[in-house]
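>>> sequence first, predicted coordinates after that:
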Amino acid sequence: MASEYQKEYYRKNREHILQSAKEYYQKHKEERILYSRNYKRKHWLHQQVGDNSFIIRGLNKTPYPKDRLCFICSKPKKLTYHHKDKEFNNGIWICIACHRALHLIARNWQIAKRYLPLDPYLNNS
Ligand SMILES: [Zn+2]
Ligand SMILES: [Zn+2]
């Protein structure tokens, strides 16, 4: 339990404490957003199965490309993660259009291999 002294201290300095916390929060906002984004890109995976969406945590995915370019079309677009069946850590970062095309062309990597020789994952497997 807090002592009288601590309570008194808090009462007197409450505004100051809250203000500093707020300033700290504001000052490091960008960093925190960036950190959490990078963390999720590395360790989280959003899955959609039918109408259900859920997150798989604790992964160690293929790093997000530093140049932020789509792996297939090389355009600077919003990237999504495509991985082999159940191999969540083994994937590529591609734009939504390429991702859609990839899934339309093939439901599995064996078929995709014939259509997308650009992809080293496909060539090697
Ligand atoms: Zn693309
Ligand atoms: Zn995919």
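It's in. Ligands and ions are numbered 1, 2, ... in the order given.
>>> and the residue lying closest to His46 once chain neighbours are set aside, which of the three is it?
The shortest distance from His46 to any non-neighbouring residue, by C-beta to C-beta, 6 or more residues apart in numbering, is to Ile55 (5.7 Å). Yep, even glycine has a C-beta here, placed from its N, CA and C like the rest. Following DSSP: H, G, I helix; E, B strand; the rest coil, Ile55 is assigned to strand.
>>> number of residues surrounding Ile55?
By the measure other C-beta atoms under 10 Å, the count of residues near Ile55 is 10.
>>> do the one 5 residues further on as well
Asn60 sits with 10 neighbouring residues when counted by other C-beta under 10 Å.
>>> I'd say it and His43 touch.
Yes - Asn60 is in contact with His43 according to C-beta atoms under 8 Å; the separation is 7.0 Å.
>>> where does the chain have low pLDDT?
Applying pLDDT under 70 to the chain flags residues 1-2, 106-125.
>>> where do the strands sit along it?
Taking DSSP state E, the strands of the chain run over residues 45-49, 52-56, 79-84, 87-95.
>>> mind splitting this structure into its structural domains?
Following automatic domain parsing, the chain resolves into domains at 1-43, 45-125.
>>> among these, which is the most enclosed?
Most buried of the domains of the chain, by mean neighbour count (mean count of other C-beta atoms under 10 Å): domain 45-125, with a mean of 13.
>>> quick check: beta-bridge partners of Lys84?
Beta-bridge partners recorded for Lys84 (DSSP bridges): Glu87.
>>> ok, it touching Asn90?
Yes - if you go by C-beta under 8 Å, Lys84 and Asn90 touch, sitting 5.5 Å apart.
>>> need the residue closest to the centroid of this structure.
The centroid of the chain falls nearest to Arg41 when counting by C-alpha atoms, centre = their mean (2.2 Å).
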